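1. Curious how this folds, go ahead:
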Amino acid sequence: MAMRFKILGSGSAGNAALLVTDGSRVLVDAGFSAKRLGELLAEAGESLERVDAIFLTHEHGDHAAAMNGLARFPHIKVFANRATAQSLQAGLKHRPQWQLFETGATFRYRDLEVSSFAVPHDAQEPVGFLIAHGEDDLLSPRRSLAWLTDLGHAPQHVRERIREVDVLVVEANHCPQMLEADTKRPWSTKQRISGRHGHLSNEGARELLAAVASPRWRRIYLTHLSRDCNSPAAVDLALEQVRAALHACEFAVVGAGEGTPFYEFA
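-> Numbering: from 1, shown residues only. Take a look at the predicted model:
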């Protein structure tokens, strides 16, 4: 079996994805309650009992909310850097099976190779992940995925990390005009969201994709859409020219609160 990938849910209310191979079942982030995460997994024909590990990008609730309810699943290994683990552990009554890594390091978990890289966001020590499977031969072709959410801008090292992946998951959090017109959020919150350590806008996502424009990409997921300050239609409009330039690549805009079907890496 090659890798199978499914976004369970995406948006400001929660983010999590499932990655399945012959040797592992892992979650990339776990931003829902353990109960809700179990329900989302059940809809995918899976369960928390079958999950082997969780890779956490940072400690914010929309990426790590399930940690409070994982005491019933002590077999699950939780991979995080020290700053993220310490921040979360302070609010937990149980101690998960922390597997600590250094930001920027590459580690192996079963049949997966996982590279972490720093991203600019207002958390303790947030990271993105590049996850690869296979040995790059005829029997086991190497396939890879980049998980890149929650970043205010994309420095050069981030651009280089995502250049050679098959599948890219990247945020398109907000439309600047919709954010400016929003009446629910105070000015300080709008400044945080749009700042260099906040969230990538539709235009920020467009600029990143256009600047890298890798011929290796096969599918791009636009994720973490704000329910109030963005829409799939606004993302489509912002990315119209990028779609045309990357005509060989499939695009999937994941609406706020939505998930995706399984994607099979060929």
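2. Determine which residue lies closest to the centroid of the protein.
-> When CA atoms, centre = their mean is applied to the chain, the residue found nearest the centroid is Trp147 (4.1 Å).
3. doesn't Thr57 make contact with it?
-> Yes: assessed by CB atoms under 8 Å, Trp147 is found in contact with Thr57 at 7.0 Å. All C-beta atoms are positioned from the backbone trio N, CA, C, and that covers glycine.
4. Now do the shared contacts for those two.
-> Residues touching both Trp147 and Thr57 (CB atoms under 8 Å, 6 or more residues apart in numbering) are 28-29, 128-129.
5. Take those and keep only those in strands.
-> Counted as lying in strands by DSSP state E, out of these, are 28-29, 128-129.
6. biggest separation within these, which pair?
-> Across these, the longest distance by CB to CB is 10.9 Å; it joins Asp29 and Gly128.
7. The two: which is more packed in?
-> Asp29 (27 against 24; other CB atoms under 10 Å).
8. Confidence-wise, which helix or strand of the protein is lowest on average?
-> helix 240-245 (a mean of 94; mean pLDDT, DSSP states H and E).
9. where along the protein do the helices fall?
-> For the chain, the helices defined by DSSP state H cover 34-43, 61-64, 82-89, 156-162, 176-181, 187-194, 202-212, 232-238, 240-245.
10. End to end on stretch 147-167, go ahead and measure it.
-> Terminal residues of stretch 147-167 are spaced 9 Å apart (CA to CA, to the nearest Å).
11. quick one: average confidence on that stretch?
-> Averaging pLDDT along stretch 147-167 yields 97.
12. circling back to that earlier point, between the shared contacts of Trp147 and Thr57, which is closest to Glu207?
-> Closest to Glu207 out of those is Gly128 (17.1 Å), distances taken as CB to CB.
13. which residues does the residue nearest to that closest one when sequence neighbours are not counted form a beta bridge with?
-> Distance criterion CB to CB, 6 or more residues apart in numbering; nearest residue to Gly128, sequence neighbours excluded, is Leu148 at 4.5 Å. Assessed by DSSP bridges, Leu148 has beta-bridge partners Val170.
14. Quick check: Leu148 vs Ala172, distance?
-> From Leu148 across to Ala172, the span is 11 Å (CB to CB, to the nearest Å).
15. For Leu88, list the residues it contacts.
-> Applying CB under 8 Å, 6+ apart, one finds that Leu88 lies in contact with 56, 59, 64, 67, 80.
16. now, which of those residues sits nearest Ala17?
-> Ala17 has its nearest neighbour among those in Leu56, at 12.1 Å by CB to CB.
17. So what's the residue count around the nearest residue to that closest one once chain neighbours are set aside?
-> Nearest residue to Leu56 in three dimensions, chain neighbours excluded: Ala80, at 4.3 Å (CB to CB, 6+ apart). Ala80 sits with 28 neighbouring residues when counted by other CB under 10 Å.
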